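Chemist: Could you look at this predicted model? Sequence included:
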Amino acid sequence: TQLLEQSPQFLSIQEGENLTVYCNSSSVFSSLQWYRQEPGEGPVLLVTVVTGGEVKKLKRLTFQFGDARKDSSLHITAAQPGDTGLYLCAGAPTNAGKSTFGDGTTLTVKP
Amino acid sequence: NAGVTQTPKFRVLKTGQSMTLLCAQDMNHEYMYWYRQDPGMGLRLIHYSVGEGTTAKGEVPDGYNVSRLKKQNFLLGLESAAPSQTSVYFCASTLSGTGTQYFGPGTRLLVL
């Protein structure tokens, strides 16, 4: 079983602060995805990274895939209350037909 | 285009009862998945399917069965429900095995 470890598990910050969430594994993934889940709903895709060292930006969110394709990070600049939610990373091994999810980081941004 | 739908949205069962959860997708996706999500945890894969007529076990398959008779539908069955199966169940589909997964809204199951 390929495990994805996310840290921190919980994060509570004030509006305007910056934060970084990590997703680490000992396994190599062909692609890695970040999802955001709000209470009572299913996860929604934020980004997919596929190339080692790749950096993608989505407004105030910056995603990075490690050079060895074993880890990833999500950085949020100037967090807003609307960023509150559960952030999940998911890794897909080559041709596996399925992904492994981390346990998630619960982010709370206080106004 | 409804995406991924799940029925029912909420169900209460007594220990030992059986039920079937239905997942339907209208995106012509080949791959479909059933996950369970427990408080403070991520998604754990129960069973999945890489195409019509095929199914495979995930991380936590015990106590569950699945069927994929039609490409657009993926059914999850509980033959004899146990309190440990109290959870939120999510269905997802994707065009390819490593692509974006589209999730349904979830089914909340309480087993007493």
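Modeler: Ah, there it is. Numbering: from 1, shown residues only, chains lettered A, B, ... in the order given.
Chemist: Tell me how far the residue nearest the centre of chain B lies from chain A.
Modeler: Most central in chain B under Cα atoms, centre = their mean is B:Trp34, positioned 3.0 Å from the mean C-alpha point. Relative to chain A, B:Trp34 is positioned 11 Å away (Cβ to the nearest Cβ, to the nearest Å). Bear in mind the C-beta positions are built from the backbone N, C-alpha and C, glycine included.
Chemist: pLDDT at that residue, what is it?
Modeler: Model confidence at B:Trp34, given as pLDDT, is 98.
Chemist: What of A:Gln9?
Modeler: We have a pLDDT of 94 for A:Gln9.
Chemist: likewise A:Ala96?
Modeler: The confidence metric pLDDT takes the value 69 at A:Ala96.
Chemist: Kindly report the same for B:Asn1.
Modeler: Reported pLDDT for B:Asn1: 66.
Chemist: So what sits opposite the closest residue to chain A within chain B in the bridge?
Modeler: Each residue of chain B has a distance to chain A, by Cβ to the nearest Cβ, and the smallest belongs to B:Phe103, at 3.1 Å. As for beta bridges, B:Phe103 partners with B:Ala92 under DSSP bridges.
Chemist: contacting residues for it?
Modeler: Going by Cβ atoms under 8 Å, 6 or more residues apart in numbering or on different chains, B:Phe103 touches A:42-44, B:4, B:90-92.
Chemist: and the two most separated of these?
Modeler: Taking every pair in the contacts of B:Phe103 and measuring Cβ to Cβ, the maximum separation is 14.5 Å, between A:Val44 and B:Cys91.
Chemist: For the two, indicate the residue with more neighbours.
Modeler: More neighbours surround B:Cys91 than the other of A:Val44 and B:Cys91, with 29 against 14 (other Cβ atoms under 10 Å in any protein chain shown).
Chemist: Tell me if I'm right that the more buried one and B:Tyr33 touch.
Modeler: Yes. Between B:Cys91 and B:Tyr33 there is a contact under Cβ atoms under 8 Å: 6.8 Å.
Chemist: okay, and the common contacts of the two?
Modeler: Shared contacts of B:Cys91 and B:Tyr33, defined by Cβ under 8 Å, 6+ apart, are found at B:Phe74.
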